[in-house]
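K.L.:
build me a structure from this.
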Amino acid sequence: MAPAQHSPTVRGRRLARELKTRRERAGLTLDQAAAALGWNRFKLGRMEAGKTRATAADVERVLDLYGTEDAARAVLLQLARDAGRRGWWTAYSGVFTGGYVALENEASEIRTYHVQLIPGLLQTEDYARAVISAGVPEDPDEVNKRLHARLARKTLLSRSDAPSLRAVLAESALRQLIGGRQVMRDQLIELDRIARRPNVALRALPYSVGARAGVEGSFVILGYADPLDPDIGYSEGIYGNVYIEGADHVARCNAEFDAVWNAALDDEESKAFIAAIAAEL
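P.N.:
Prediction:
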């Protein structure tokens, strides 16, 4: 039987890294540690990879084996408890099936580039409904469920501890006629309103930029306040979702975003550019 799907949180990722580091410091291989615990090696391996939730009881057994000092032990056990807490998104488990929303919820900075669509955090209700309906055209109940989930997710940007958002929208995303002319006009006007928030910066990447930047498609980079939590790159497509966590690959994502950001129109030029497209509608 396949293991149950697990949605990692930032705390869960940190705990997984610590468990692996402390095993290595104890001079134990994965097989040796698993044997000493009486576990299948795959159980411990999945815990260290953050692919399964480590319970406080399991973490306690692991720390006993590794001889972890009391101060670090208390911190890691609290991490295990915190990582297992239910987030608001669990009420929409049939909609949010991966770990992205949990990771986004804890981010202090979001950088994103979109080619075809306005990203979910910036969508109006009517625009979101049109996008969702295209995916499940024969199921209005499912459309409503997904729409409610998306609107709940949007509140992230208005929280008291809201992350900063820097978004670059390709001209193709701004001109893609989603939901009809009025829906698209309202969406573009909404972008101007959202961009007035102190934690949001939006830029437009016009066709005239050509192939200098943004040719590899849409992606997101999530950043965190704690230096122990490295950036995560994320991209989604027809073949599934991809999490980019290796240091070299994340560095490439950051460089690509910087190139797109610098190639885009500045904030005021972008505002005028988006307003001009809205006026055409």
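K.L.:
phi, psi for the residue lying farthest from the centre of the chain please.
P.N.:
Taking Cα atoms, centre = their mean, the residue of the chain most remote from its mean C-alpha position is A36, at 36.3 Å. Main-chain torsions, A36, degrees, to the nearest 10: phi -70, psi -30.
K.L.:
my guess is it contacts L28. True?
P.N.:
Yes: the pair A36 / L28 is scored as a contact, 7.4 Å apart, by Cβ atoms under 8 Å. Glycine gets a C-beta too; all of them are placed from N, C-alpha and C.
K.L.:
give the residues shared as contacts by those two.
P.N.:
Listed as contacting both A36 and L28 by Cβ atoms under 8 Å, 6 or more residues apart in numbering are L65.
K.L.:
related to what we said a few turns ago, tell me how far the residue farthest from the centre of the chain lies from L44.
P.N.:
10 Å (Cβ to Cβ, to the nearest Å).
K.L.:
surely A80 meets R61?
P.N.:
No: using Cβ under 8 Å, A80 makes no contact with R61, being 11.3 Å away.
K.L.:
out of those two, which sits in the more crowded spot?
P.N.:
A80 (24 against 14; other Cβ atoms under 10 Å).
K.L.:
Three-state assignment for the spatially closest residue to M47 that is not a sequence neighbour, please.
P.N.:
Spatial nearest neighbour of M47, chain neighbours left out: A54 (4.7 Å); criterion: Cβ to Cβ, 6 or more residues apart in numbering. Under DSSP: H, G, I helix; E, B strand; the rest coil, A54 falls in the coil class.
K.L.:
past whichever strand or helix holds V250, which element shows up next along the chain?
P.N.:
V250 belongs to helix 247-263 when assigned by DSSP states H and E. Next along the chain after helix 247-263, taking DSSP H and E as the criterion, comes helix 267-280.
K.L.:
how far does that following helix sit from its chain's centre?
P.N.:
28 Å (Cα atoms, centre = their mean, to the nearest Å).
K.L.:
do you know how far V168 is from R193?
P.N.:
For V168, the distance to R193 - Cβ to Cβ - is 18 Å.
K.L.:
ok, these two, which is more surrounded?
P.N.:
Taking neighbours as other Cβ under 10 Å, V168 and R193 compare with V168 leading, 26 against 10.
K.L.:
heading C-terminal from the strand or helix carrying that one, find the next helix or strand.
P.N.:
Element membership for V168, per DSSP H and E: strand 164-170. Following strand 164-170 in sequence order, the next helix or strand is helix 171-175 (DSSP H and E).
K.L.:
I'd like the mean pLDDT over the helix or strand that that next one is followed by, please.
P.N.:
Downstream of helix 171-175, the next assigned helix or strand under DSSP H and E is helix 181-194. Across helix 181-194, pLDDT averages out at 96.
K.L.:
helices or strands up against helix 181-194?
P.N.:
helix 125-135, strand 200-205, helix 267-280 (3 or more Cβ pairs under 8 Å, 6 or more residues apart in numbering; DSSP states H and E).
K.L.:
so how far is the next helix or strand after the first one from its chain's centroid?
P.N.:
Later in the chain than helix 125-135, the nearest helix or strand by DSSP H and E is helix 140-154. Distance of helix 140-154 from its chain centroid, counting by Cα atoms, centre = their mean, is 18 Å.
K.L.:
then stretch 107-115?
P.N.:
The answer for stretch 107-115 is 8 Å, by Cα atoms, centre = their mean.
K.L.:
and for stretch 151-162?
P.N.:
14 Å.
K.L.:
where does the stretch 1-150 of the chain have low pLDDT?
P.N.:
Along the stretch 1-150 of the chain, the model assigns pLDDT under 70 to residues 1-8, 84, 86, 97-98.
K.L.:
hey, where'd the strands end up in it?
P.N.:
Assigned by DSSP state E, counting those that start in this stretch, the strands in the stretch 1-150 of the chain fall at 109-114.
K.L.:
burial measure for Q32, as a count.
P.N.:
14.
K.L.:
gap between it and Y100?
P.N.:
Distance from Q32 to Y100, by Cβ to Cβ: 35 Å.
K.L.:
can I see the domain layout of the chain?
P.N.:
Here the domain parsing of the chain from automatic domain parsing is 10-85, 92-280.
K.L.:
I appreciate the help and will end here.
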